[in-house]
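Undergrad: 3D, please:
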Amino acid sequence: MSVDISVQEHHHEGPDPNFFRRWLTTTNHKDLGSLYLMFSLLMFFIGGTMALVIRAELFQPGLQLVRPEFFNQMTTMHALIMVFGAVMPAFVGLSNWLLPIQLGAPDMALPRLNNWGFWILPFAFSLLLMTLFLPGGAPASGWTMYAPLVMQTGAAFPFMIFAIHLMGISSIMGAINVAATILNLRAPGMTLMKMPLFAWAWLITSFLLVAVMPVLAGAVTMLLTDRYFGTSFFNAAGGGDPVLYQHIFWFFGHPEVYIMILPAFGIVSHIIPTFARKRLFGYASMVYALGAIAFLSFIVWAHHMFTVGMPLAGELFFMFATMLIAVPTGVKVFNWLATMWRGSLSFETPMLFALAFVFLFTIGGFSGLMLAVTPADFQYHDSYFVVAHFHYVLVPGAVFSIMAAVYFWLPKWTGHMYDERLGKLHFWLSTIFVNLTFFPMHFAGLAGMPRRIPDYALQFTTWNEMASIGAFGFGLSQLLFLYIIVKCVRGGEKATAQVWDGADGLEWTLPSPAPYHTFTTPPVVR
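TA: Numbering: from 1, shown residues only. Okay, here's the model as predicted:
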């Protein structure tokens, strides 16, 4: 009893003097998963605030709030922060938390690398955000940083490129760690084809990351040498080719899009079987579909560049290869629907987000199929239709899947149940406002509104007003998300098996690390 009292007295002295050392030096996969997720949430709000600057300016025609060059800096920073600061670190955080538990591993394979990979990120994004305060301001070239446009960036140019290198190093280290963990630290009896689909999705994603992040590093390094060392990779005056930059960038950029959606497929493949109380339909075909999507993502990059003057044979190849991706994606959607078919469904918050993911991601897929048709793409290219398309894939796609995962696994992480009523309110607000934001953009784009402009013709006013109202509604709804998370972490109802005790029994009802967790037959224990 005396020991208990002394511990309590020590606890009330104030913050633990080792608190900062613990979080700075931690190699624990759960701590690092939490750090990644908290960092991702912070970046989500910073990047979202920049999106609201964009939507506030576009609420009415004319220039009201910001200078055109600052508007373009906001589009660039919003994209870079959301892609590299919000979505990717969130998925890495989820992989840190869940993979050792799902695979029965004691920790990630390379714990110190894991720590380093995280702590690079705050420095990378501090550098990136600092560019806003340098002479000439942040880059205003969009997240694609096309040459020669990006060469107009002022003093911020090398800082932006160094920040991108740091983000890339962090991503590569995270990917190596994930691959090493999955390939080397599975529990006895867990073959690759018995792994949970989240692990499969991340194994494939890790190979994509290792393959394409160096390509981005090469592209931005060539920009750097063109600017400061007299090379002419992309400078037409010196015999270079600006279109070469587009090829290199999109050879990275297209697999990057799948890096941001494959882990989402894994998450949804956990949530739907749980709330349908059935095993996942077609496990093997889901694994092969993930592999097929990843392979095809490497051979479709130039569908972003149909208007650069490609040979007809090139246009045809990239058109058909892009359409081919619809096949494995269709397999996945079919399997999710088949899993729910005649299941005993219940509609808790994670399931609602997963269902919204399936439906709205499919809308994004269909508009992508439209953009894949070369002659049609000449009309859609660089219009708001493209903005609508990729936001349907990335917001109700990647972001909703991350939210679904947070609601799904928060009880596992904290031991407390989140507020289900508030969770459903957050879901409905998010879903209504995300559609109000991005659906009108299809119509504005089809009517001819170009992207990345701070002003527009009068006929686009109504669609832009609707999109801006939706954007502010969606942004403010995320404050509720933050409140739900904080409330859950700080305490509340104790987590029980409840609805999560589905057909397979879920990871978080098992001890951690779980010895086995599989969506196929359990291993034979001899």
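Undergrad: any chance you could map the helices in the stretch 401-526 of the chain?
TA: Counting by DSSP state H, counting those that start in this stretch, the segments of the stretch 401-526 of the chain that form helices are 420-446, 461-490.
Undergrad: Could you do the stretch 101-250 of the chain as well?
TA: Under the criterion DSSP H, counting those that start in this stretch, helices of the stretch 101-250 of the chain are mapped to 111-130, 157-184, 197-228, 242-259.
Undergrad: Is the residue positioned nearest the centre of the chain in a helix, a strand, or coil?
TA: Central residue check for the chain by CA atoms, centre = their mean: the C-alpha nearest the mean position is that of residue 87, 2.9 Å away. Using DSSP: H, G, I helix; E, B strand; the rest coil, the secondary structure recorded for residue 87 is helix.
Undergrad: thought it was touching residue 397?
TA: No - with contact taken as CB atoms under 8 Å, residue 87 and residue 397 are classed as non-touching, separated by 9.5 Å. Heads up, the C-betas are built off the backbone N, CA and C, glycines and all.
Undergrad: Between those two, which contacts overlap?
TA: Each of residue 260 lies in contact with both residue 87 and residue 397 under the rule CB atoms under 8 Å, 6 or more residues apart in numbering.
Undergrad: Quick check: the gap between residue 357 and residue 376.
TA: Using CB to CB, to the nearest Å, one gets 26 Å for the distance from residue 357 to residue 376.
Undergrad: More neighbours: the two, which one.
TA: The residue with more neighbours, out of residue 357 and residue 376 and counting by other CB atoms under 10 Å, is residue 357; that gives 26 against 15.
Undergrad: picking that back up, could you export the helices of the stretch 101-250 of the chain as JSON lines, including distance to residue 44, mean pLDDT and mean neighbour count?
TA: Below are the helices of the stretch 101-250 of the chain laid out as JSON lines (distance: least, CB to CB, whole Å; pLDDT from 0 to 100; neighbours: other CB atoms under 10 Å):
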{"stretch": "helix 111-130", "distance to residue 44": "12", "mean pLDDT": "97", "mean neighbour count": "19"}
{"stretch": "helix 157-184", "distance to residue 44": "16", "mean pLDDT": "97", "mean neighbour count": "21"}
{"stretch": "helix 197-228", "distance to residue 44": "20", "mean pLDDT": "97", "mean neighbour count": "21"}
{"stretch": "helix 242-259", "distance to residue 44": "17", "mean pLDDT": "97", "mean neighbour count": "21"}
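Undergrad: Reformat those helices as a markdown table; add distance to residue 314.
TA: A markdown table is the format used below for the helices of the stretch 101-250 of the chain (distance: least, CB to CB, whole Å):
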| stretch | distance to residue 314 |
| --- | --- |
| helix 111-130 | 34 |
| helix 157-184 | 28 |
| helix 197-228 | 19 |
| helix 242-259 | 11 |
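Undergrad: out of those helices, which comes closest to residue 340?
TA: Residue 340 lies closest to helix 197-228 among these, at 15.6 Å (CB to CB).
Undergrad: Tell me the helices and strands packed up against that closest one.
TA: With contacts defined as 3 or more CB pairs under 8 Å, 6 or more residues apart in numbering; DSSP states H and E, helix 197-228 has these neighbours: helix 88-103, helix 157-184, helix 242-259, helix 262-276, helix 283-297.
Undergrad: list the helices and strands the last one packs on?
TA: Put plainly, it is helix 283-297. The contact analysis (3+ CB pairs under 8 Å, 6+ apart) places helix 283-297 against helix 197-228, helix 242-259, helix 262-276, helix 326-340.
Undergrad: how distant is the longest one from the center of its chain?
TA: Going back to what we said before, that points to helix 197-228. Taking CA atoms, centre = their mean, to the nearest Å, the mean C-alpha location of helix 197-228 is offset from the chain mean by 15 Å.
Undergrad: Please apply the same query to the second one.
TA: Using CA atoms, centre = their mean, we find the averaged C-alpha position of helix 242-259 to lie 17 Å away from the chain's own average C-alpha position.
Undergrad: Compute the inter-axis angle for that helix and helix 157-184.
TA: Computed by axes from the mean of the first three to the mean of the last three CA atoms, to 10 degrees, the angle separating helix 242-259 from helix 157-184 equals 40 degrees.
Undergrad: Give me the contact list for helix 242-259.
TA: Against helix 242-259 from outside (CB under 8 Å, 6+ apart): 83, 88, 144-148, 205, 208-209, 211-213, 215-216, 218-219, 222-223, 233-236, 293-294, 297-298, 300-305, 308-309, 390, 393.
Undergrad: Would you mind giving the orientation angle of that helix with respect to helix 197-228?
TA: Counting by the same axes, to 10 degrees, helix 242-259 points 160 degrees away from the direction of helix 197-228.
Undergrad: got the CA positions of helix 242-259 in CSV?
TA: Extracted C-alpha coordinates of helix 242-259, given in CSV (Å, rounded to 0.1, in the frame of the first residue of the first chain):
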residue,chain,number,x,y,z
PRO,A,242,10.1,21.6,-70.1
VAL,A,243,7.9,18.5,-71.0
LEU,A,244,10.7,16.2,-69.7
TYR,A,245,10.0,17.6,-66.2
GLN,A,246,6.3,16.7,-66.6
HIS,A,247,7.3,13.1,-67.5
ILE,A,248,9.6,12.7,-64.6
PHE,A,249,7.2,14.4,-62.1
TRP,A,250,4.2,12.3,-63.1
PHE,A,251,6.2,9.1,-63.1
PHE,A,252,6.4,9.9,-59.4
GLY,A,253,3.0,11.6,-59.2
HIS,A,254,0.7,8.9,-60.4
PRO,A,255,2.0,6.1,-58.2
GLU,A,256,1.9,8.7,-55.4
VAL,A,257,-1.9,8.9,-55.9
TYR,A,258,-2.1,5.2,-55.2
ILE,A,259,0.2,5.5,-52.2
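Undergrad: Please work out the angle formed by the directions of that helix and helix 283-297.
TA: What separates the directions of helix 242-259 and helix 283-297 is an angle of 170 degrees, with the same axes, to 10 degrees.
Undergrad: List the residues that contact residue 358.
TA: The contact partners of residue 358, by CB under 8 Å, 6+ apart, come to 268, 272, 333, 336-337.
Undergrad: In JSON lines, list the helices and strands packed on helix 283-297 along with distance to residue 57.
TA: Putting the helices and strands packed on helix 283-297 into JSON lines (distance: least, CB to CB, whole Å) gives the following:
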{"stretch": "helix 197-228", "distance to residue 57": "28"}
{"stretch": "helix 242-259", "distance to residue 57": "26"}
{"stretch": "helix 262-276", "distance to residue 57": "30"}
{"stretch": "helix 326-340", "distance to residue 57": "35"}
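Undergrad: Of those, which is nearest residue 75?
TA: Ranking these by proximity to residue 75 (CB to CB) places helix 242-259 first, at 15.8 Å.
Undergrad: Go through the helices of the stretch 401-526 of the chain and pick out the most buried.
TA: Comparing the helices of the stretch 401-526 of the chain by mean neighbour count (mean count of other CB atoms under 10 Å), helix 420-446 comes out on top with a mean of 20.
Undergrad: any weak-confidence spans in the stretch 1-150 of the chain?
TA: Residues of the stretch 1-150 of the chain that meet the criterion pLDDT under 70 lie in 1-15.
Undergrad: Please repeat the previous calculation with a cut-off of 50.
TA: Low-confidence segments of the stretch 1-150 of the chain, defined by pLDDT under 50, are located at 1-12.
Undergrad: any idea which of the contacts of residue 358 has the most stuff around it?
TA: Within the contacts of residue 358, residue 268 tops the neighbour count with 30 neighbours, counted by other CB under 10 Å.
Undergrad: what's near enough to touch it?
TA: Residue 268 makes contact with 336, 354, 357-358, 401, 404 under the criterion CB under 8 Å, 6+ apart.
Undergrad: picking up where we left off before, rebuild the helices of the stretch 401-526 of the chain as TSV, extending it with distance to residue 240 and mean pLDDT.
TA: Putting these into TSV (distance: least, CB to CB, whole Å; pLDDT from 0 to 100) gives the following:
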stretch	distance to residue 240	mean pLDDT
helix 420-446	32	97
helix 461-490	38	97
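Undergrad: what's the closest of those to residue 36?
TA: Each of the helices of the stretch 401-526 of the chain was scored for nearness to residue 36 using CB to CB, and the closest is helix 461-490 (14.3 Å).
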